[in-house]
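>>> Provided below are the primary sequence and the corresponding predicted coordinates.
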Amino acid sequence: MNCCQGLLCNKPSNIVGCIHCRAQTPWDICKSDYLSIVPCNSQTSACGVVQFNSTSPNFFRDCLPVDTCNATASFSFSTSTSFNITWSPSCCSTDLCNAGNVSVVPFDAPNGLMCCTGQDMECRQITSCAGSENYCHTTVFNGVRTMGCTSRSVCDNPSLLDFYISSTSQIDCCQGFLCNKQNYTVVCNQCDASTWDACSSAIISCGFQSTSCGVAVAQFYNGDVLSRQTATRYCAAPETCNVMLSLNLGTGVQIWTSQCCDTDYCNAENSKGV
């Protein structure tokens, strides 16, 4: 029989003991009401402190895999709803060393990068990346393929997703404007206004039925007098492309003219109708 006196004095020397608590409340609660001590193993051999922000903040101290340590990260994706996740861990390697606190840098202003979001390879929306999210990604979560923005630390270490989101994942990252868009979809400018000067364009990803980008002008005449006009940039189906239509409404005539192109953002020019 071997006896010793002191906190964890009979713990094997190759195992570290960490403070353990998890809560959706601030660190002060995690220090007391939910506190315990756990032995780590060879897979989770470091003591860590993590703040994890998703739909709500999560605070925890626990044993962490070494390769997830000290890697602040941000990750966003979309399925039926949109998710933005940030986490900031801090690790140490001695018994009960994870008593301190960390904080996550909040979601920052857009950084200029735009990526596709959606699932099953369909670019359903264009999202503006923020803060350290300087890559676009396509990620498979348990067989579901999603798209969005992420920071480089996630691309370099995909195991961060497996640990923090508790999901088996496979991630492909790329760097560049809408680089995770599939080649069979087109991205167009979109606006609708009375003149081209007032037509402030947004960027929209087109569906499978709209294979071109279009510009169109609708003009309304009362007799020979132009009473109203509408300038439009849009995702165009083939049957709406490069046509001129005239419709007698009884009280006046509407003339609709369109022009189309088939590359990303190619409908930035104005139609000659206005």
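That came through fine. Numbering: from 1, shown residues only.

>>> Who are the contact partners of the spatially most central residue of the chain?
Residue closest to the average C-alpha location in the chain (C-alpha atoms, centre = their mean): Ser76, at 3.0 Å. Taking C-beta atoms under 8 Å, 6 or more residues apart in numbering, we find Ser76 in contact with 82-85, 117, 127, 129, 133, 148-150. Where C-beta positions appear, they are placed from N, C-alpha and C, glycine not excepted.

>>> From those residues, which land in strands?
Counting by DSSP state E, the part of these found in strands is 82-85, 117, 127, 129, 148-150.

>>> Which of the residues you listed has the largest number of neighbours?
Highest neighbour count within these: Cys149, with 28 neighbours (other C-beta atoms under 10 Å).

>>> Closest one of the ones in strands among the contacts of Ser76 to Lys181?
Thr117 (10.5 Å; C-beta to C-beta).

>>> Tell me how far that closest one lies from Thr232.
25 Å (C-beta to C-beta, to the nearest Å).

>>> Mind pulling the model confidence for Trp27?
In this model, Trp27 is scored at 72, pLDDT.

>>> give me every residue that touches the closest residue to Asp172 other than its chain neighbours.
What sits nearest to Asp172 in space, not counting adjacent residues and going by C-beta to C-beta, 6 or more residues apart in numbering, is Thr138, at 4.9 Å. By C-beta under 8 Å, 6+ apart, Thr138 lies in contact with 121, 145-147, 171-172, 180.

>>> Going by distance to Ser45, which of the contacts of Ser76 wins?
Taking the contacts of Ser76 together and measuring to Ser45 by C-beta to C-beta, the closest member is Ile85, at 24.5 Å.

>>> and Phe208, what element?
Assigned by DSSP states H and E, Phe208 belongs to neither a helix nor a strand.

>>> Contact partners for it?
Neighbouring residues of Phe208 by C-beta under 8 Å, 6+ apart: 122, 184-185.

>>> can I get these in JSON lines with secondary structure and neighbour count?
JSON lines is the format used below for the contacts of Phe208 (DSSP: H, G, I helix; E, B strand; the rest coil; neighbours: other C-beta atoms under 10 Å):
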{"residue": "Glu122", "secondary structure": "coil", "neighbour count": "16"}
{"residue": "Tyr184", "secondary structure": "coil", "neighbour count": "9"}
{"residue": "Thr185", "secondary structure": "coil", "neighbour count": "21"}
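
>>> Among those, which has the minimum pLDDT value?
Comparing those by pLDDT, Tyr184 comes last, at 72.

>>> Excluding covalently adjacent residues, which one is nearest to it?
In space, Tyr184 is closest to Phe208, 7.8 Å off (C-beta to C-beta, 6+ apart).

>>> What score does the one you found have for pLDDT?
So Phe208 comes in at 76 (pLDDT).

>>> Please report phi then psi for it.
Phe208 adopts backbone torsions of phi -70, psi -30, taken as degrees, to the nearest 10.

>>> Okay, it and Cys174: tell me how far apart.
22 Å.

>>> Can you tell me how far the residue nearest to Asp172 is from Phe83?
From Thr138 to Phe83 the distance is 15 Å (C-beta to C-beta).

>>> repeat for Asn111
In terms of C-beta to C-beta, Asn111 sits 18 Å off from Phe83.
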